[in-house]
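In: Sequence first, then the predicted structure:
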Amino acid sequence: MTSFEDADTEETVTCLRMTVYHPGQLESGIFQSIAFGSREKLPSSEVVKFGRNSKVCLYSFQDKQVSRVQFSLQLFKKFDSSVLSFEIKNMSKKTNLIVDNRELGYLNKTDLPYKCMVRFGEYQFLMEKEDGESLELFEIQLIFSSMSLLQENNWPSHSPIPEYGRCSSCSTQSSSPTEMDEND
């Protein structure tokens, strides 16, 4: 018989809450394969992928404008910190990922702040992190928004301004290779 003092205490789990929006979401069924609202528990070593390919991506979008793997999220722990953080990595060769006002090209990655806006194409993701104690597990919760997150949260829209004909943060579609899907 175990006493109350010997019982395991339940650790809290770090959760990334992602509110998602796309202007054509109701007509097109883009998010039909996503279970909104429920929290999905994942091992801390898991790399979570988002994109069009449902065989590779945990969260898939029914949209040919989305790359097979658009972006990935991975949990990590900074040195001298007990808090877990997320990094986001752009996996698309054809579309830049915008994290707040920072543009990420193909294979670029950055740490996610506690609250930020992530965008590509017409997709908007408001990401909010809740800290937890567990180093073994984390959770992801997707929430559906019927309104634009940029307007709802007064987020500035991002459009790079060219400096005399060239834009250092812009990628020129004509000179960079684009991802081709052999099935399209």
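Out: Cool, got the structure. If you're wondering where the values come from, they're calculated on a predicted model, not measured in any experiment.
In: Show me what the helix or strand of the chain with the lowest mean pLDDT is packed against.
Out: Using mean pLDDT, DSSP states H and E, helix 149-152 stands out as the lowest-scoring helix or strand of the chain, at a mean of 77. Identification of packing neighbours for helix 149-152 by 3 or more Cβ pairs under 8 Å, 6 or more residues apart in numbering; DSSP states H and E yields strand 123-130. To be clear about C-beta, it is placed using only N, CA and C from the backbone, and glycine gets the same treatment.
In: The very next helix or strand once past the strand it packs on - which strands sit beside it in the sheet, and in what orientation?
Out: Taking DSSP states H and E as the definition, the helix or strand that follows strand 123-130 towards the C-terminus is strand 137-144. The strands beside strand 137-144 in its sheet (DSSP bridges) come out as strand 14-21 (parallel), strand 39-43 (antiparallel).
In: tell me the angle the longest one makes with strand 123-130.
Out: What it means is strand 14-21. An angle of 160 degrees separates the directions of strand 14-21 and strand 123-130 when computed by axes from the mean of the first three to the mean of the last three Cα atoms, to 10 degrees.
In: excluding its backbone neighbours, what's nearest Phe61?
Out: Taking Cβ to Cβ, 6 or more residues apart in numbering, and ignoring the residues beside it in sequence, Phe61 has Ile30 as its nearest neighbour in space, at 5.3 Å.
In: out of the strands paired with strand 137-144, nearest to Asn108?
Out: Nearest to Asn108, of all these, is strand 14-21, at 19.4 Å by Cβ to Cβ.
In: Leaving out sequence neighbours, find the closest residue to Val20.
Out: Phe125 (5.5 Å).
In: Now do the buried residues in stretch 80-92.
Out: Leu84, Ser85, Phe86, Ile88, Lys89, Asn90, Met91, Ser92 (16 or more other Cβ atoms under 10 Å).
In: Ok, stretch 67-79 next?
Out: Neighbour-count burial for stretch 67-79 flags Ser67, Arg68, Val69, Gln70, Phe71, Ser72, Leu73, Gln74, Leu75 (criterion: 16+ other Cβ under 10 Å).
In: and if you look at stretch 17-31?
Out: In terms of neighbour count (16+ other Cβ under 10 Å), stretch 17-31 has its buried residues at Arg17, Met18, Thr19, Val20, Tyr21, His22, Gln25, Ile30, Phe31.
In: Tell me the one among the residues you listed nearest to Gln62.
Out: Using Cβ to Cβ, Ile30 is the member of these that lies nearest Gln62, at 5.4 Å.
In: Could you report the pLDDT at Ser28?
Out: The model reports Ser28 with a pLDDT of 87.
In: and it, what is it in contact with?
Out: The neighbourhood of Ser28, defined by Cβ atoms under 8 Å, 6 or more residues apart in numbering, consists of Gln62, Asp63.
In: can we see that at 7 Å?
Out: Neighbour list for Ser28: Asp63 [criterion: Cβ atoms under 7 Å, 6 or more residues apart in numbering].
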